[in-house]
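K.L.:
Predicted model and sequence follow; I will ask about them next.
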Amino acid sequence: MPRETIALRSARVAALIERLRATYPDAHCELNFSNPLELLVATILSAQCTDKMVNRVTPALFQKYRTAADYAGAEAAALAEDIRSLGFFRNKAKSIRACCQALVERHASQVPRTLAELTQLDGVGRKTANVVLGNAFNLQEGVVVDTHVARLAARLDLTRETAPEKIERALIELVPRDQWTLFSHWLIWHGRRRCVARRPGCDACELGELCPRRGVKPARPKPSPPTRVARRA
């Protein structure tokens with residue numbers, strides 16, 4: 001990519017950041033949690049699910065399972081039943097049990113604070129690790145790329161990449177490191193509240209003049225009402 005193009009794109013990203021910060025000053029992770037273990041479990045549960053669905057399940061789950069050892073020692077069928085309302089609940093229960101067993105055996109039941117250690121755990125990919133590091137520990141190790149971030153990165157023409165890790169690398173080059181976690185939140189909030197998948201609210205969008213709307217079909221003009229011809233008496 002030519003250097004000038006990178007410079008222009010970086011300047012636009014800086015303007016986008018200021019606009020997003022003003023629009024969503026309270027943006028944060030919308031999964032409910034009170035400690036790193038709860039966030040780790042909630043993020044594993046959030047695969048193929050909305051945060052709202054996960055937040056309906058976790059209050060009772062976190063009351064029942066307080067430590068990594070509690071999850072590791074749970075009966076597979078019982079844990080699966082506790083999260084049955086979520087998609088892929090059996091696989092998620094299996095991943096949580098195995099993940100927490102590794103926490104007990106290799107990390108003194110504590111959630112590790114490095115990307116390398118987190119991604120060695122069952123059910124934990126780079127996205128989940130970035131969520132935990134950024135929100136539980138305030139460590140900026142990467143940019144969370146979920147479906148909202150991927151969609152908006154394309155529409156805003158921040159990258160032409162489609163694979164999550166390549167999208168993340170592109171965003172890392174454009175966004176200041178101290179804002180990696182917040183930038184994800186801002187795009188996620190905007191993706192949920194304005195730039196939705198099927199019918200983005202472009203007419204009222206706070207990012208309007210900064211967005212090239214790549215891949216967004218223009219709205220169809222409303223047909224004019226038929227002209228009535230006066231009848232002769």
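P.N.:
Structure's in. What do you need?

K.L.:
The strand or helix carrying I17: how far from the chain's middle?
P.N.:
Using DSSP states H and E, I17 sits within helix 3-23. Its chain's C-alpha centre and that of helix 3-23 lie 20 Å apart, by CA atoms, centre = their mean, to the nearest Å.

K.L.:
By neighbour count, which bits of that helix are buried? Give me those.
P.N.:
For helix 3-23, the neighbour count (16 or more other CB atoms under 10 Å) marks 9, 12-13, 16-17, 19-20, 23 as buried. C-beta coordinates here come from the backbone N, C-alpha and C atoms, glycine included.

K.L.:
Check what contacts it and list those residues.
P.N.:
Judged by CB atoms under 8 Å, 6 or more residues apart in numbering, the contacts made with helix 3-23 from elsewhere in the structure are 27, 156-158, 173-175, 179, 182-183, 186-187, 190, 206-207, 210.

K.L.:
Pull the contacting residues for V41.
P.N.:
So, once contact is read as CB under 8 Å, 6+ apart, V41 ends up touching 58, 61-62, 65, 71, 96.

K.L.:
now with 7 Å?
P.N.:
For V41, the residues meeting the contact criterion (CB atoms under 7 Å, 6 or more residues apart in numbering) are I96.

K.L.:
Just say helix, strand or coil for the nearest residue to I172 once chain neighbours are set aside.
P.N.:
On the basis of CB to CB, 6 or more residues apart in numbering, the spatially nearest residue to I172 that is not a chain neighbour turns out to be V143, at 5.9 Å. Per DSSP: H, G, I helix; E, B strand; the rest coil, the secondary structure class of V143 is coil.

K.L.:
now the helices for the chain?
P.N.:
When secondary structure is read from DSSP state H, the chain shows helices at 3-23, 36-45, 51-64, 68-72, 76-82, 89-106, 115-118, 126-136, 147-155, 164-174, 180-193.

K.L.:
For R84, give me phi and psi.
P.N.:
Dihedral angles phi and psi of R84 (degrees, to the nearest 10) take the values phi -60, psi -30.

K.L.:
Return the distance of the closest residue in space to Q110 that isn't next to it in sequence relative to A68.
P.N.:
Counting by CB to CB, 6+ apart, L103 is the residue found nearest to Q110 once chain neighbours are left out, at 6.8 Å. Counting by CB to CB, to the nearest Å, the separation of L103 from A68 is 4 Å.

K.L.:
List the residues that are in contact with both of those two.
P.N.:
Common contact partners of L103 and A68 (CB under 7 Å, 6+ apart): S109.

K.L.:
on that earlier part again, distance to R214 added to the buried residues of helix 3-23, as a markdown table?
P.N.:
As requested, the buried residues of helix 3-23 are exported to a markdown table (distance: CB to CB, whole Å):
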| residue | distance to R214 |
| --- | --- |
| R9 | 13 |
| R12 | 13 |
| V13 | 15 |
| L16 | 14 |
| I17 | 19 |
| R19 | 18 |
| L20 | 18 |
| T23 | 20 |
